[in-house]
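[1] Got a sequence here, can you model it:
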Amino acid sequence: MLTPPESPGLPLLSVSLPDPGDGTGPLAVDPKKFRDELVVAADWVADYLSRIRQRPVAQPVPLEHRRALAEGGMPQEGQDLGALLEFVGQAVAPYPTGNGHPAFFAWINSPPSPAGVIAELLATAVNATCGMGEHALMDLERGVVRDLAALAGMAPATGGVLTSGGSMANLLCLGAARTWFLRGHEATDGPAYDQAHARLTAYHSDQAHMSVAKAAATIGLPPWRLRAVPTTAERRMDVEALKAMIDADLASGLLPFCVVSNLGSTASGAVDPIEAITQVCRSRGMWHHADGAWGGLGAMVPELAPLYRGVADLDSLTVDPHKTLSVPVGCGAALVTDPDRLREAFTYRASYLDGDQDWPWMSDYTIELTRPGTRALTLWATLHQLGRAGVSSLLQHYQDLARYLSRRVQAHPALELCSDGPLPVVCFRLAAGTALDRPEARADLHTAVAARVQARGHAYLATVCHDGETVLRACFCNYLTTADDVDTLLEEVRAAAQHLSTA
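    Alright, predicted model coming up:
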């Protein structure tokens, strides 16, 4: 043992510390007690997921309960582990958003895959920081990113990083696009940067997800330099309008640097013309990023594959495995054809952090330094539970359910189909003769119908703006959903409309 040298005038302090191996301390738990609580928790999880159909789809949180939760309140003395499960069972679990229920059709939220649930627990126990250092889960992340890119149909060299979701992935890809563009113009710092950055413009369709505007704002792009490109009757980006907008900006001295296309719009499931947009970008020295948070893997579905020609030529793509693949929430992906472009945008060095340049730390590809290993393991587990055939079958299942709902709506005398896809989303409305003749009255009725359906708890759908009118919208991304759940939804819509029209 090393003995510290004595310092003149500074007596050595004698400090009594507990033996670190004696199992004491505020977080220590008897191993048997810990194992018993894990078994009880596992039983609770299995029971919760198996009984999901028997509970209401969603249940509002009472105002007093919300206030109590939001106020906090930490006890003076610590509690037994058993109190945790009791708290979740009484204060959290009874108030689901609804996305785990097979009759939930409102938003693109999925239930967790069985493999993902188990992997989440295992990864939490391993507790890796997948941003720095050397850990097997970082290498596993590289592998699952390549697997995702292959499923999407991207170029073999594609790499990237897992993220918290599509919002973060869109931000990273726009940040990489900006750095790439400014490097090409030798304007990465100083006055040259200031002058060039003040003229950057980006483009997206008028059907883009709001996260694109958030990402643009975060990288310093003001709203007036983010262009919303009109869409066609099929809600696909109008390429001729895009060309005209870019050329007008070039003529006025601005610097168009990126186009964001949709591979599955949230409102209607539209897919923008990939090849035509890429051609525009190449001819004008721009980056083409595709937001495929929902529909990025659509090439795996034979009927959708023609819409995805040209994916391999994208510069970057956002995909959310926690949507269509049912990986537990918190797993998105930023896929970049040349992953070095992510590193150029986000690598920073410090004397206390010096990564291996042959095996770069994953923090080099993102703004996060501390990153959970749960993303990589839950994605790996889900992909291996499914296999490529399972991914294709799962996505086809959603297409089949959407087609079934479309046929039911078209055959229903009190309903009218507004749009259906091509991705699995169906927008419909009450027929004019059954929903009052004034458009504004019908829009109000649609809002009221959705609210009543949600409140009854047997099914859940949302509304959306379609050609200036509020209509009903149902999307499919739950592997538990069946045709019976679709029938339940339509019966709930019919009953709600009848109740409201006679009230």
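
[2] can you map out the strands along the stretch 1-150 of the chain?
    All residues of the stretch 1-150 of the chain lie outside strands when identified by DSSP state E, counting those that start in this stretch.

[3] What are the boundaries of the helices in it?
    Assigned helices in the stretch 1-150 of the chain, in chain order: 31-50, 63-71, 82-87, 114-126, 136-152 (criterion: DSSP state H, counting those that start in this stretch).

[4] Kindly reformat the ones you listed as TSV containing mean neighbour count.
    C-beta coordinates here come from the backbone N, C-alpha and C atoms, glycine included. As requested, these are exported to TSV (neighbours: other Cβ atoms under 10 Å):
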stretch	mean neighbour count
helix 31-50	12
helix 63-71	10
helix 82-87	12
helix 114-126	18
helix 136-152	20
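
[5] So for Trp224, which of the ones you listed sits nearest?
    Closest approach to Trp224 among those (Cβ to Cβ): helix 136-152, 32.8 Å.

[6] name the helices or strands packed onto that closest one?
    strand 159-163, strand 316-319, strand 332-336, helix 374-411 (3 or more Cβ pairs under 8 Å, 6 or more residues apart in numbering; DSSP states H and E).

[7] run the last query once more with 10 Å
    helix 114-126, strand 159-163, strand 316-319, helix 321-324, strand 332-336, helix 374-411 (3 or more Cβ pairs under 10 Å, 6 or more residues apart in numbering; DSSP states H and E).

[8] In the stretch 1-150 of the chain, where is pLDDT below threshold?
    When the per-residue scores of the stretch 1-150 of the chain are filtered using pLDDT under 70, the ranges that remain are 1-23.

[9] let's go with 80 and repeat that
    When the per-residue scores of the stretch 1-150 of the chain are filtered using pLDDT under 80, the ranges that remain are 1-24, 99.

[10] Gly166: which of the helices of the stretch 1-150 of the chain is closest?
    Of all the helices of the stretch 1-150 of the chain, helix 136-152 sits nearest to Gly166, with 13.0 Å by Cβ to Cβ.

[11] for that closest one, the distance to its chain's centre please.
    Helix 136-152 has its average C-alpha position 17 Å from the chain's average C-alpha position, going by Cα atoms, centre = their mean, to the nearest Å.

[12] and that helix with strand 332-336, angle?
    Helix 136-152 runs at 70 degrees relative to strand 332-336, counting by axes from the mean of the first three to the mean of the last three Cα atoms, to 10 degrees.

[13] Helix 136-152 relative to helix 374-411, how many degrees between them?
    For helix 136-152 against helix 374-411, the angle by the same axes, to 10 degrees is 30 degrees.

[14] okay, the helices of the stretch 1-150 of the chain in JSON lines with distance to Ala276 next?
    As requested, those are arranged in JSON lines below (distance: least, Cβ to Cβ, whole Å):
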{"stretch": "helix 31-50", "distance to Ala276": "44"}
{"stretch": "helix 63-71", "distance to Ala276": "48"}
{"stretch": "helix 82-87", "distance to Ala276": "54"}
{"stretch": "helix 114-126", "distance to Ala276": "37"}
{"stretch": "helix 136-152", "distance to Ala276": "19"}
